[in-house]
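Q: Sequence first, predicted model second:
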Amino acid sequence: MQPIRRRHRGFPLLCLSAALLAAATLLPGAAVAEGVTPSEARRLRDEVKDMFYHAFDGYMKYAFPLDELRPLSCQGEDSLGGYALTLIDSLDTLALLGDKEKFGAAVEWVGKNVRFDINKTVSVFETNIRILGGLLSAHLIASDYATGMRIQSYDDQLLHLAADLAQRLLPAFDTPTGIPFGSVNLMYGVDENESKITSTAGGGTLTLEFGILSRLTNNTVFERVTKKSVRGIWSRRSKLNLVGAHINVFTGEWTQKDAGIGTSIDSFYEYLLKAYLLFGDEEYLYIFQEAYKAAMHYLHHDPWYVEVNMNSGATVWPLFNSLQAFWPGLQVLAGDVDPAIRTHAAFFSVWKKYGFTPEGFNLATSTVQNGQRSYPLRPELIESTYWLFKATRDHRYLDVGRDILASLQYGARCPCGYCHIADVETHKQDDHMESFFLAETVKYLWLLFDLAAGPDNIVESGPYKYIFSTEGHLLPVTPEIALVDEHCSYFGAFCNGGADHGYGASASSTKHQNGNYTQLDDIQTHSSLYSTSNVLFKTGGYIKGVCPGLTHAQKLGISYSDGEDNFIEQTSESREHHGESAVESSIQDQSSSIILISHPVTSQQDEALESGSGSQDHGNIVVTSDSDSDSDSTSRDNIVGANTEELMEDIEGTSGQDKR
């Protein structure tokens, strides 16, 4: 599987201000769309449901059991592995809509007919997020009476399929770095001539699905290989804490050094935070904090994001690409709502200009990027719209959803489903409908209007909190998955006991022999994951400060960069002069504030934090600002330009308007 290679010319920093200001002219004016009423929200929700069935029924009639529908010609095509991709990807959307009959029939068919012992070379990334994620989500719904969608005859068939599929993907991880090949043959393993270059997203977007599978099967290998892959990527970050777009899985060398939040990198950030939310694994949280701070410092030119050289931070690509549109939604999950609002408004201004978002929009020229003129029914902007409405309950996001729905109905609807838009300026249709249209695009749009109409679905009213995978699959935060007695890792080993329990090499080897998970006596409720402060997060079973002289990164076994050597020397010197407390303080200072979705069970500590100064309530989002100052803020302001205040006024002027 060959990587996408682009040759970028450096973009002069002095031109960046003009580029961003030119793009600001896209932002909507002062007019506010007529608000969506609850009754209209119900009508729009029903319209989205009809949209789903127009596309789903078209697929079942004209394409099934092939992978995807060609909605203009009313034919099917195999695009991934030839195992009814669109049906598997749509399973949990059927459950979300409460269609027990079709959900049950689909689960039964998949369990009886889908097999993975086939001579097909498939994308590890796409197979994981679409097929493995679809199977696991449907299994968790179909096997649980609490969801209201329990299938009486179901006997874990989808879980067995998921385990078999993941086992067939494992050969891809057999590399010196632990970062997997991009593709693998389901019958024979990695092809002899398979490319050694893969994307950062390809290696970093596996933790949720593989981690759940480990917990459901009690086979830790799946979780271990995906964590090793994340560590392999993060260990090769630049001194700026940035990662590039493509990497050689054998040598660990970056073959494309452009850092961004969009194409080839996007879901690497997403899965760091979501793996923490789902599993309570503090290592993922720590990496996310560091990666997020770097992204906001070097990539963010409010309200836009650019691509920079990962080593120097120099801007090389002033481009909005459509995959960036997931970022405001991720910021909502992280509690950083204000920049999410501004960025969403900017991104939606591009949608308003064309009726869709092109794959690439050049911020320097305020035009569609050549070769990136299409809109393949992507869900990312709709996803962020849903999360911002959920966080703020601001009805302008319903106006955004109404505009998006109107565009899809007017421009993308075709005889048997919904078509890709080949050119956002001419609205020419393309005879293709990817499975994520039913797995994500329609799902987030339906959830948006259902939330406004008075929700009654398993996500909003069900027994669990759900984390959405990058393919929009529903992953429940159940005790079985979100282990409250989660392991903690010191250099890859595991520990238990009290805070006075020392840790040495013999303990490390013993724990490795005993397995990956250790039952801990100090078990706390999972709600403790959501308390926030400027010290290390308190998670059940974690032991703090028992490894003298180690930084937080070292304690978690992720101290790889040269930049930490100086810090080790400083903390060692600090211990000699000031004692152990100074070391603990310096470790704590590395951890920045991050704010997560509040848990329904709120501890006394949580309540105290929420009522304290610096907190702001956004619906069910608890927001605490980071007090760290940015020493380089002056120079960055100069880069963005003297007219930044005018740009921000234009953006803030959209606060009551449609998005997208």
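A: Yep, it's here.
Q: how about low-confidence regions in the chain?
A: Along the chain, the parts satisfying pLDDT under 70 run over 1-34, 483-660.
Q: Please enumerate residues in contact with the lengthiest helix in it?
A: Ordering each helix of the chain by length in residues (DSSP state H) puts helix 38-62 first. Residues outside helix 38-62 that contact it (C-beta atoms under 8 Å, 6 or more residues apart in numbering): 36, 68-71, 74-76, 86-87, 90, 93-94, 97, 398, 401-402, 405, 408-409, 413, 415-418, 433, 437-438, 442, 445-446, 449-450, 452-454. Using the backbone N, CA and C atoms, a C-beta is placed for each residue, glycine as well.
Q: Go through the residues you listed and flag which are in strands.
A: Glu68, Leu69, Arg70, Gln75, Gly76, Arg413, Gly417, Tyr418 (DSSP state E).
Q: Quickly note the distance from the fourth one to Tyr375.
A: Between Gln75 and Tyr375 the distance is 22 Å, computed by C-beta to C-beta, to the nearest Å.
Q: and what of the fifth one?
A: Relative to Tyr375, Gly76 is positioned 22 Å away (C-beta to C-beta).
Q: List the buried residues of the longest helix of the chain.
A: Within helix 38-62, the residues scored as buried using 16 or more other C-beta atoms under 10 Å are 40-41, 44-45, 47-49, 51-56, 58-60, 62.
Q: re earlier: who's more crowded, Gln75 and Tyr375?
A: Neighbour comparison, Gln75 and Tyr375: the larger count goes to Tyr375, with 24 against 13 (by other C-beta atoms under 10 Å).
Q: which one is that one nearest to, not counting chain neighbours?
A: Nearest residue to Tyr375, sequence neighbours excluded (C-beta to C-beta, 6 or more residues apart in numbering): Phe356, at 3.7 Å.
Q: The stretch 401-550 of the chain: strands as residue ranges?
A: All strands of the stretch 401-550 of the chain, identified by DSSP state E, counting those that start in this stretch, fall at 413-414, 417-418, 420-423, 428-430, 466-468, 474-476, 489-490, 493-494.
Q: winner for burial among those?
A: Of all the strands of the stretch 401-550 of the chain, strand 417-418 has the most neighbours on average by mean count of other C-beta atoms under 10 Å, namely a mean of 28.
Q: Name every strand pairing with it and say which way it goes.
A: Taking DSSP bridges as the criterion, strand 417-418 forms sheet pairs with strand 413-414 (antiparallel).
Q: I'd assumed Gly178 was in contact with Arg231.
A: Yes - counting by C-beta atoms under 8 Å, Arg231 touches Gly178, with 7.0 Å between them.
Q: Can you give me the distance of Ile233 to Ser312?
A: 20 Å.
Q: hmm, I was thinking of Arg378
A: 31 Å.
Q: Show the contacting residues for the closest residue to Asp456 other than its chain neighbours.
A: Take Asp456 and drop its neighbours on the chain: the residue closest to it by C-beta to C-beta, 6+ apart is Asp450, 7.6 Å away. The contact partners of Asp450, by C-beta under 8 Å, 6+ apart, come to Ala41, Arg45, Asp456, Asn457, Glu460.
Q: Make a markdown table out of the residues you listed and add distance to Gly202.
A: Shown next, in a markdown table, are the contacts of Asp450 (distance: C-beta to C-beta, whole Å):
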| residue | distance to Gly202 |
| --- | --- |
| Ala41 | 38 |
| Arg45 | 35 |
| Asp456 | 37 |
| Asn457 | 32 |
| Glu460 | 32 |
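Q: and which of the residues you listed is nearest Glu192?
A: Closest approach to Glu192 among the contacts of Asp450 (C-beta to C-beta): Asn457, at 47.5 Å.
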